[in-house]
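*Asks:* only geometry, no sequence info:
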């Protein structure tokens, strides 16, 4: 990303932190992040072959969501005539133009990687994509029978003529535009066939009954190719003149006026349905589609030329994730079994572990199972009186929700705040909310105008004629599946001051409490920005006194301008600042006199870096907060977030050393440059892949525990 920064000495400008040259555009910063994801597929030695294919899928899925939300928002601004400039000085149309230019380059690189690099290498390993026409007549006949029995029944051809208006095309759908000739009238007709999303996108020919190639190779065929070659069965007595695939992406942001919504759950359901009908923000076609057919689609879908993307090869490569089902262990990451310290030390009794002392788990290297066990034990324990929990993204088949339902059945008080507005998880959360309500749990949907993103559990247990409150505070979701691939922290404690804060916060979420002062927690939207900036300014004061100012922040994104300006001030005073930011960073490091003491690192690897940590040297009295909040206006002003302190000095030192190891990474780390671009960290040190180090440490702990159990 090229970026021009004014070179006027800072002293002469009196440190004008509003200078657009001191900021990276949020949307372009996201594109840079997704480029780093793509690089995991592009790099020959980064991952085994199928894992590289997975990153092609992740890149493509990320891009779909970017268009559905961020590009759609810019389109709305442009069409509304809004000319407000972004923090780096660009109008909505200038951003749209820059986005298109950069994404077209990325799509070409993605396709070159998949078709020119990965496919030949997969073929050498016995996995290949084949074309329908490359098969023998007998094999094609076998596929025709398969098509007739397994695919034909779920296809619905839709004609377009004066009696049949252009059909609705749903979001993210892959479709076939078909031109036909009526053999009786010789008139040309147009039809649309949707490629069913309920069927696998990639067909394994070796799994089709009657197709025996006899050589053990895995042959793959895109579903749309099979449909296109058998369209004659859908249109008898018609001649197929031409057929071309196309794919659309619609505006998928849900706008809910909560003040006017009588029933939030019902309103969210309506919003999910309306998501299918949002404005088209991208139309993908192949180069072979003729202009006449493109014009039909663009007119009926109301697409502008800037929204048309011409893409070689298959459309919608997010479907490549299906290839991860192929049983070829040598082409995937080595399986990893996480370390479960509470099982080894306390036999899985989480209450006993917490009574022994605070517990800090680092997922996925430490198992998420103790968190699941905590809720399950609380549901079954006759001494537990109540459970309160926030749920943001829990996924399907949730053992956590099942335990909460069991707790209700066991006549415990259960209050659950289910965030219905968790984007793209709304349907899951509606289902769980209804299931919990059906068994009698107290289900609330949070505060009007705010998403509840904090990760909190409060369990009240009777012990020796007194009540003890046990807490789980986390940086990630209550989702055991994502906990295997996201890095996150879980803090288990019975600290009274924290328990008082969490109780007050739950009262604010479920009742009419207007509590705005917390002893230990930092809570959005009340005071997160204020407290973080105060701690940055405090570090400046300590640095003036001692000369040892140090800040380390790890988060998913840094967008908030006031926080960025505070970090610039600290840098100008000489405070050493390390930022570990996986995604968007709107701060520009390395500007002389402004941010030369700031280093920005992004780590993209096997696991998604999802934990948030805020460390301050604090004159030698180290202070560390973990939690759910990134430094973005949405997290600071429009969400309920919670950052919690780690008070055990040994734990603080452990997390600090983990952050420093990530900063030492020279394999999976990228360094942000003063022009806003990123370059891989490259130096002469021995290679250090921080995630692999954590994996090895976890395996070593597990081995040591096993030896202890066996008495060795």
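*Replies:* Cool, got the structure. As the structure is a prediction and not an experimental result, all values here were calculated from the model.
*Asks:* which residue is the nearest non-sequential neighbour of residue 651?
*Replies:* residue 360 (4.9 Å; Cβ to Cβ, 6 or more residues apart in numbering). Placement of C-beta: from N, CA and C, glycine included.
*Asks:* right, and the helix or strand after the worst-scoring helix or strand of the chain on mean pLDDT?
*Replies:* In the chain, the helix or strand scored least confidently by mean pLDDT, DSSP states H and E is helix 10-13, which has a mean of 42. Scanning forward in sequence from helix 10-13 by DSSP states H and E, the next helix or strand is helix 26-42.
*Asks:* just the strands from the stretch 501-650 of the chain, written as ranges.
*Replies:* For the stretch 501-650 of the chain, strands defined by DSSP state E, counting those that start in this stretch occupy the ranges 522-524, 550-555, 576-581, 598-603, 608-609, 612-616, 623-627, 639-645.
*Asks:* of all these, which one is nearest residue 114?
*Replies:* strand 608-609 (21.5 Å; Cβ to Cβ).
*Asks:* paired strands for the closest one, with orientation please.
*Replies:* Using DSSP bridges, strand 608-609 pairs in its sheet with strand 486-493 (parallel).
*Asks:* which residues touch the strand it pairs with?
*Replies:* When contacts are defined by Cβ atoms under 8 Å, 6 or more residues apart in numbering, strand 486-493 is touched by residues 350, 353-354, 358-366, 368, 370-371, 374, 470-476, 607-611, 613, 626, 644, 646, 655, 691.
*Asks:* average pLDDT across that strand?
*Replies:* For strand 486-493, mean pLDDT is 98.
*Asks:* on the three-state scheme, residue 197 is what?
*Replies:* Here residue 197 is recorded as coil under DSSP: H, G, I helix; E, B strand; the rest coil.
*Asks:* show me what contacts it?
*Replies:* Per Cβ under 8 Å, 6+ apart, neighbours of residue 197: 172, 173, 174.
*Asks:* now for residue 164, how many residues are close by?
*Replies:* Residue neighbour count, defined by other Cβ atoms under 10 Å, stands at 13 for residue 164.
*Asks:* that one touches residue 158, doesn't it?
*Replies:* Yes. Counting by Cβ atoms under 8 Å, residue 158 is a contact partner of residue 164 at 6.9 Å.
*Asks:* neighbouring strands for the helix or strand hosting the residue nearest to residue 651, and are they parallel or not?
*Replies:* In this assignment (DSSP H and E), residue 360 forms part of strand 359-363. Counting by DSSP bridges, the strands paired with strand 359-363 are strand 486-493 (antiparallel).
*Asks:* what angle separates the strand it pairs with from strand 612-616?
*Replies:* 70 degrees (axes from the mean of the first three to the mean of the last three Cα atoms, to 10 degrees).
*Asks:* look up how far residue 413 lies from residue 452.
*Replies:* Note on residue 452: its distance to residue 413, by Cβ to Cβ, to the nearest Å, is 19 Å.
*Asks:* and the two? which has more neighbours close in?
*Replies:* Set side by side, residue 452 and residue 413 show more neighbours around residue 452, with 26 against 14, by other Cβ under 10 Å.
*Asks:* surely the more buried one and residue 416 touch.
*Replies:* No. Assessed by Cβ under 8 Å, residue 452 is found out of contact with residue 416, at 10.9 Å.
*Asks:* hey, what's in contact with both of the two?
*Replies:* Counting by Cβ under 8 Å, 6+ apart, the common neighbours of residue 452 and residue 416 are residue 390.
*Asks:* low-scoring stretches of this protein, by residue?
*Replies:* Scanning the chain for pLDDT under 70 picks out 1-14, 254-277, 421-427, 429, 512-513, 701-712.
*Asks:* let me see the domain layout of it.
*Replies:* Following automatic domain parsing, the chain resolves into domains at 24-104, 126-331, 341-493, 523-709.
*Asks:* remind me, longest strand of this structure?
*Replies:* The residue-count maximum for a strand in the chain (DSSP state E) belongs to strand 238-250.
*Asks:* from the contact counts, what lies against that strand?
*Replies:* On a contact count with 3 or more Cβ pairs under 8 Å, 6 or more residues apart in numbering; DSSP states H and E, strand 238-250 meets strand 174-182, helix 223-229, strand 280-285, helix 291-301.
*Asks:* direction included, what does it pair up with?
*Replies:* Counting by DSSP bridges, strand 238-250 is paired with strand 174-182 (antiparallel), strand 280-285 (antiparallel).
*Asks:* sorry, back to before: what residues are bridge-paired with the residue nearest to residue 651?
*Replies:* Under DSSP bridges, the beta-bridge partners of residue 360 are residue 491.
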